[in-house]
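Asks: Build me a structure from this.
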Amino acid sequence: MFEPLFTTHPDDHNPLSPIRPRKGVIIGAGQVGMACAYSLLIQNCFDELILQDINQEKAVGEVMDLVHGLSFIEPTQVTVGTVADVGRDADLVIITAGASQRPGETRLDLVGRNVEIFKKLIGDIAEYCPNAILLIVANPVDIMTYVSLKLSGFPSSRVIGSGTVLDTARFRYLLAEKLKLDPRSIHAYIIGEHGDSEVPVWSKVNVAGMKICDADWEGSPSYEHEELQDIFQQVKNAAYEIIQRKGYTSYAIGLGVTDIVTAILRDQNRIITVSRSVQGLYGLPELCVSLPVLVNRKGATKIINLSLTETEEKQLQNSCKVLYEIIEKLHL
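Replies: Prediction:
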């Protein structure tokens, strides 16, 4: 039907190439998984992207929808499969699969349901993608990152949770709105649990090196104290507000995951508030929690020695206590 378009040279008999394509797998084709897939695709992060979902028909439909737009962007091979077949030896496996957070339900309420889901998923990843970096997005992300670390046996630098990357982005956005600035010009972090006990590091919030609070934020004038507290409450309650209105969050976390993936694949040495093992730091027990971390091709490597005020350190320890009480009840 079609005339041959090319002539093969005799030297081209060996199809092997010294250049290895960047391969990624997203496990979970729900709202968050597809927001991640779309963002990763349009920002040309992978050469090959595989979607894995228990509902294969849905995954096939999602892939069809994505590939029909490939002529508008840089080329990426997008397929449906599993880590056991087409996903073997992936560079990065992103897990968004898990039970959805219901209105009025905290992220920690999801633990029991998601641990059972992960026991099968992580076993397959460890077997078929032994050198991959794991990026956990499913909630409660700090607990699930710890579960993945224990089940996989991978080095802690290769098991990363999306952590408070989104909380930090929300924090910067709201501060920027207040100060009439681009959010990228605001240096601010949310650390600890990605959840109700998260900690705003007010003592380090700055614009071009200029702090917006003197020392501990509780020492700021009372009118500032009220405004700052309001900003933090908006950050902490943002997911609940969105879930109440539309049923789920997706777009911003998709962009946040892409930011982490880009830092890894392009070896950017970025400082990002991802969740990873922090045992021993600030006297913390064995758990995964968010702190500013150096992210590059090796994963989440060095943890910044963030000098915290006495209040902030106590808040961080309390946040970790909340998580550790859950971890102690796990049967892995």
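
Asks: So residue 161 versus residue 20, what's the distance?
Replies: 26 Å (CB to CB, to the nearest Å). Using the backbone N, CA and C atoms, a C-beta is placed for each residue, glycine as well.

Asks: neighbour-wise, which of those two wins?
Replies: Counted by other CB atoms under 10 Å, residue 161 and residue 20 do not tie: residue 161 has more neighbours, with 31 against 9.

Asks: Quick check: which ranges of the protein have low pLDDT?
Replies: 1-3, 12-16, 101-102, 105-108, 214-224 (pLDDT under 70).

Asks: what's the longest helix in it?
Replies: In the chain, with assignment by DSSP state H, the single longest helix is helix 222-246.

Asks: Number of residues surrounding residue 49?
Replies: Neighbours of residue 49 (other CB under 10 Å): 23.

Asks: Doesn't it lie inside a strand?
Replies: Yes - judged by DSSP: H, G, I helix; E, B strand; the rest coil, residue 49 forms part of a strand.

Asks: if we look at the sheet, which residues does it bridge to?
Replies: For residue 49, the residues forming beta bridges with it (DSSP bridges) are residue 24, residue 78.

Asks: State the distance from it to residue 259.
Replies: 17 Å.

Asks: ditto for residue 324
Replies: Applying CB to CB to residue 324 and residue 259 gives a distance of 28 Å.

Asks: Which of those two has more residues huddled nearby?
Replies: Just comparing residue 324 and residue 259: by other CB under 10 Å the higher neighbour count belongs to residue 259, 19 against 16.

Asks: Which parts of the stretch 1-150 of the chain are strands?
Replies: 23-27, 48-52, 77-80, 92-95, 133-136 (DSSP state E, counting those that start in this stretch).

Asks: For residue 126, which residues are in contact?
Replies: 151-154 (CB atoms under 8 Å, 6 or more residues apart in numbering).

Asks: Then residue 199?
Replies: Contacts of residue 199 (CB under 8 Å, 6+ apart): 190-192, 312, 315-316, 319.

Asks: and these as CSV, adding distance to residue 176 and secondary structure?
Replies: Output for these, formatted as CSV (distance: CB to CB, whole Å; DSSP: H, G, I helix; E, B strand; the rest coil):
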residue, distance to residue 176, secondary structure
190, 15, strand
191, 19, strand
192, 22, strand
312, 21, helix
315, 23, helix
316, 24, helix
319, 25, helix
